[in-house]
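Student: no letters, just coordinates:
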């Protein structure tokens, strides 16, 4: 069964090394076809259909496709289409994709796992009949091509007794020619797709590189990129630098590059110097001589929407002229891009630029993200796509093209439609939100799920305890439950029980990888994007009442004065007696007639929580207001319900207190056991200068804010209360929030212990443990803790501090993006809400800026900007800005921070892709600036309609799905 | 070594083996005339020479002699050309010393030492080419060399390594798999008595997986035993045939 072949490989790792590896060739590899007439030992895996239906005019007979590497890499959008079936992915192709593009590799794996696509991986490298040894003088690519042909030939021979043909799909002309000589069928992907009856596929073809050549008369616009070998040589010699490109949001011709190990960003300016690099690419830079250094111009420059293409192409040359009259002291290190180390292209959403010539097939696409250049695509459906949001992928950017070339991927829907816009904001915030793939779902437990004997043996049985969960109403993913009982010695036993998600998600499998990638569940106003499939999040993991569930429990023995005597961690089985809402729990506690165990338990918890909270606040923990806006919409009238400050009940803080305690206990435990690779969460103390605006603002009302320590800050915030302005304190707290740094996850081995501090909670160490259903960080904490108590196995990635750190980096990114997406979703709803109405509201000035006022509108809990100047002007003509006192004065009206205003809310629709909420000042009246209030306008218009004319509101009547998130 | 898939979705390891498959084993006994017994063994690309001298009188200080049993003296060395980078010292470094003492322990347990009090037996093992599983190949080669020398033993000693990857136990790891950072379990057993004479584990492996890996390694050892035993018996039969022809004229 085994034959042996030793092959010799040379690699460069500093020097030349000879690597000898064994390579066993086998004769027992299955062809994967149901039509196979030989006895392939298949172990039941035969995804390729017996009679594949041919849809192609080119190959009329039933056939299997064999794409080569480049076809898979570039045309993955085509392969993902449901109409493409029965494809053989060779192992050699799969390996190469793995090396070249991780995202595409993942997509291929998803296709391979889905049963209705009929894709099959054939291990051609291990088969003695299809292995191709590299011949002397043959390049690696040539060998791979030959190996692919050999595999196709083998298949053709293997299936010769059946009706089925095997078709090689390759865009490499040499390879195609050779295949024809070998008597094989080979076509380009373009030939093949055009021969299909499904014409819409053609638009989704990636453009071949040479397509643009005829068009621009070969006019070369850009300098050539250097090869990778040369770049590496340059970097080693110090001639080049390597970094990630970040295009400026204001000006698409300017960018900064964050270079590794260098604090300062390096500046790149001009189309020529940017040299076809797209935002996020990993690029190689060459520094310009000092004399050519420049600085960001203060101009806001966006690519014009309306201009015709030809104009733009001509303009392209002019744009690059940069007047170099920048004063010396402002100059920043400036460089030009000489090569691309790694493209970081993704798919972009946006709209088509309207074209004058309707029948044209070549169009420009305008991405929603301003930092991405327009993309030239080819489509025959321009007319239908004109009013749609679409997704486009970049294929290449040749030297002679002003714009990158791309292809149409799919259409999201009408502009302005709520589902479409939701989709856009998910895509733009890089939130993975596709349905879970079959590969992922295959790792779910089989239903009906039962608890086995073995499970009971390994877990502590806590089913007899009176455990209950307390959550906001409508919560389906319950990840925590609590209990408390009095012990004989007068102390209390308190338990926090967290859903045991890590029991169901095993390290390294597709489900785990997917969850790790998603990082967090994303809550939009009307939608929830789950991190783990619904079966787990709302059923098996969710600690619902009256069912047995697995939990990871933290049990404390606590004295009546809330000192912890003993902490114990265990995997358990629990039986939650009730799923309460905060209000229900509060009622139980307050009800003097209730004396059941559950109520007693809740009362005990509540009592201890109050002591714990007091201790925490005495320690200097901050309680900060957030402007996180929640759109509470009445289901009947579609009107927003007042949201200013949701009344917090004792039970809210009761649950929170114990979650904090559990997180801290777990953090201590895992850090003790894994000093190097514990996943912790830190919140760095902000630099004192961050507080300047806060101190200034408070001073204007006569309060001093002491920021020397967290405790001092908390105390001085508590004292700053103005009786006549109830929002004053809230606004101060909002401002304080703005001064804070982001809390981040990190691996303990990467930092010094003194940097572990969580400033906001005033605890030296913290982690996330209590919400594993919606956060991946908690799953890692669970796994670490499980290893600590010997309940589960560790695995190499868990113990590697740099792997944990890179995981943390992803989680931090995802969390940030989830937050942004949540905010964007609120914005979207605000826009939809105000789409058809103009309204006056009371607001308070939060910040006074040079050219604007930032206004908080408590009724909707939202924040907006009143611009004081006309577009383009630097400062206002009417207003005079006093930097010292932080005021704006116009005539005899002076606006201070915290001043109440009345503003008019409406929607600015000048930009189709980016609608904005626009605020106009109504009161105080400033002639020539403020606008009339809506009421006056209506009063003036005689015989006006009734005031409640705004009936058809686009907002759905559903209240937001879930809890106020604890975001420490 | 990022981006290597030690066990593919299709269930193949990097070199085309399935998880429970061994590398190719070839060996030859009696390669040297000078030594009392010798053997050359290949397990894949790991190639080992073993030579046995003795039992003979104690060499060097007499004090080393054991009054009730045989003194086994081992020496493990790796040829300077055996690894990818040329080795500086063929023997005497920490690793080689450790390996030497492991070999000594192993063979102390299996050779019938009480038959030879106050004398000494030398086992020399030289790794000519190293591609993972050096200990296993050394043990297996030394067993054959001891048999060649006619030293009485309880049974064959057969060693094999194994690990746990993607929830599957694998056996007979090569260098690439060893250096990937996972756990490695090394076992030497007496295949016909089902006894473990040596067990070593590197890195961390959860106890739940340990017994599974051990079972597979045990099976791997027995597979090796069958291969070795088959050829040893065949050779023996051939030799008796020859002897018969010689004696009968």
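Tutor: That came in fine, so what should we check first? All of these numbers come straight from a predicted model, not from anything done at the bench.

Student: pull the helix or strand with minimum mean pLDDT from chain B.
Tutor: Lowest on mean pLDDT, DSSP states H and E among the helices and strands of chain B sits helix B:175-178, with a mean of 87.

Student: what about that one, distance to the chain center?
Tutor: Counting by CA atoms, centre = their mean, to the nearest Å, helix B:175-178 is centred 17 Å from the centre of its parent chain.

Student: residues contacting the residue in chain A positioned nearest to chain B?
Tutor: Distance from chain B to each residue of chain A (CB to the nearest CB) is smallest for residue A:793, at 2.7 Å. All C-beta atoms are positioned from the backbone trio N, CA, C, and that covers glycine. Contact analysis of residue A:793 by CB atoms under 8 Å, 6 or more residues apart in numbering or on different chains lists A:787, B:205-209.

Student: wasn't it part of a helix?
Tutor: No - per DSSP: H, G, I helix; E, B strand; the rest coil, residue A:793 lies outside any helix segment and is coil.

Student: quick check, pLDDT for it.
Tutor: You'll see residue A:793 listed with a pLDDT of 80.

Student: got it, and the one 5 residues further on?
Tutor: Predicted confidence (pLDDT) for residue A:798: 83.

Student: out of everything not next to it in sequence, what's closest to it?
Tutor: Leaving aside its chain neighbours, residue A:798 sits nearest to residue A:783 (5.9 Å; criterion: CB to CB, 6 or more residues apart in numbering or on different chains).

Student: with residue A:588 instead?
Tutor: residue A:599 (4.8 Å).

Student: who does the host helix or strand of that neighbour touch, helix- and strand-wise?
Tutor: Assigned by DSSP states H and E, residue A:599 belongs to helix A:597-618. Under the contact criterion of 3 or more CB pairs under 8 Å, 6 or more residues apart in numbering or on different chains; DSSP states H and E, helix A:597-618 touches strand A:467-471, strand A:480-486, strand A:492-499, helix A:582-590, helix A:650-673.

Student: turn these into TSV, including mean neighbour count, distance to residue B:229 and mean pLDDT.
Tutor: TSV is the format used below for the helices and strands packed on helix A:597-618 (neighbours: other CB atoms under 10 Å in any protein chain shown; distance: least, CB to CB, whole Å; pLDDT from 0 to 100):
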stretch	mean neighbour count	distance to residue B:229	mean pLDDT
strand A:467-471	25	60	89
strand A:480-486	22	60	89
strand A:492-499	26	54	91
helix A:582-590	19	72	86
helix A:650-673	22	46	88
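
Student: looking at chain B, which helix is longest?
Tutor: Longest helix of chain B, by residue count under DSSP state H: helix B:207-248.

Student: now that one: how far from the chain's centre is it?
Tutor: 13 Å.

Student: so for that helix, what's the average pLDDT?
Tutor: 89.

Student: same question for stretch A:50-70.
Tutor: Averaged over stretch A:50-70, pLDDT sits at 81.

Student: let me know whether that stretch sits next to chain B.
Tutor: No - applying CB under 8 Å from any CB of the partner chain, one finds stretch A:50-70 separated from chain B by no less than 15.6 Å.

Student: what comes up buried for that stretch?
Tutor: A:52, A:54, A:56, A:59, A:62-70 (16 or more other CB atoms under 10 Å in any protein chain shown).

Student: next, format those residues as CSV and append secondary structure and distance to residue A:514.
Tutor: Below are these laid out as CSV (DSSP: H, G, I helix; E, B strand; the rest coil; distance: CB to CB, whole Å):
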residue, secondary structure, distance to residue A:514
A:52, coil, 30
A:54, coil, 34
A:56, strand, 34
A:59, coil, 36
A:62, coil, 34
A:63, strand, 33
A:64, strand, 29
A:65, strand, 27
A:66, strand, 28
A:67, strand, 25
A:68, coil, 28
A:69, helix, 25
A:70, helix, 27
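
Student: how about those in TSV, adding distance to residue B:78?
Tutor: Converted to TSV, these look like this (distance: CB to CB, whole Å):
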residue	distance to residue B:78
A:52	55
A:54	60
A:56	59
A:59	57
A:62	57
A:63	54
A:64	50
A:65	50
A:66	45
A:67	46
A:68	43
A:69	40
A:70	44
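
Student: my guess is residue B:115 meets residue B:70, correct?
Tutor: Yes - using CB atoms under 8 Å, residue B:115 is in contact with residue B:70, at 7.2 Å.

Student: give me the more crowded residue out of these two.
Tutor: Under the criterion of other CB atoms under 10 Å in any protein chain shown, the comparison of residue B:115 against residue B:70 puts residue B:70 first, with 23 against 12.

Student: quick one, grab the pLDDT at that one.
Tutor: Looking at residue B:70, the pLDDT reads 90.

Student: and it, how far is that from residue B:188?
Tutor: 19 Å (CB to CB, to the nearest Å).

Student: cool, residue A:371 as well?
Tutor: Taken as CB to CB, the span from residue A:371 to residue B:188 is 62 Å.

Student: neighbour count: those two, which is higher?
Tutor: Between residue A:371 and residue B:188, counted using other CB under 10 Å, the more crowded position is residue B:188 (28 against 17).

Student: ok, and the closest non-adjacent residue to residue A:792?
Tutor: Closest to residue A:792 by CB to CB, 6+ apart is residue A:786, at 3.6 Å.

Student: any idea how far residue B:186 lies from chain A?
Tutor: Separation of residue B:186 from chain A (CB to the nearest CB, to the nearest Å) stands at 18 Å.

Student: name every strand pairing with the strand or helix carrying that residue and say which way it goes.
Tutor: Assigned by DSSP H and E, residue B:186 falls within strand B:184-190. Applying DSSP bridges to the sheet, strand B:184-190 is found paired with strand B:158-165 (antiparallel), strand B:195-202 (antiparallel).

Student: dump the residue contacts of the closest residue to chain A within chain B.
Tutor: Of all residues in chain B, residue B:206 sits closest to chain A, at 2.7 Å by CB to the nearest CB. By CB under 8 Å, 6+ apart, residue B:206 lies in contact with A:792-794.

Student: what's the answer for residue A:243, then?
Tutor: Contact analysis of residue A:243 by CB under 8 Å, 6+ apart lists A:257-260, A:266, A:282-283, A:285.

Student: confirm residue A:878 sits in a helix?
Tutor: No - assigned with three-state DSSP, residue A:878 falls outside any helix and is coil.

Student: give me the below-cutoff pLDDT ranges for chain B.
Tutor: Chain B contains residues with pLDDT under 70 at B:1-4, B:249.

Student: what residues does it have near chain A?
Tutor: Checking chain B against chain A by CB under 8 Å from any CB, the hits are B:3, B:5, B:8-10, B:12, B:14-17, B:21, B:23-24, B:44-45, B:84, B:131, B:166-167, B:174, B:176, B:181-182, B:203-209.

Student: surely residue A:686 and residue A:740 touch.
Tutor: Yes - under the criterion of CB under 8 Å, residue A:686 makes contact with residue A:740 at 5.6 Å.

Student: shared neighbours of those two, which are they?
Tutor: In terms of CB under 8 Å, 6+ apart, residue A:686 and residue A:740 are both contacted by the residues residue A:759.

Student: relative to residue B:104, which of the contacts of residue A:793 is nearest.
Tutor: Nearest to residue B:104 among the contacts of residue A:793: residue B:205, at 25.7 Å, using CB to CB.

Student: so that closest one, which state does it fall into?
Tutor: coil.

Student: centroid residue for chain B?
Tutor: The residue lying closest to the centre of chain B (CA atoms, centre = their mean) is residue B:139, at 2.2 Å.

Student: the residue lying closest to residue B:168 once chain neighbours are set aside sits in which helix or strand?
Tutor: Nearest residue to residue B:168 in three dimensions, chain neighbours excluded: residue B:19, at 4.9 Å (CB to CB, 6+ apart). Under the criterion DSSP H and E, no helix or strand holds residue B:19.
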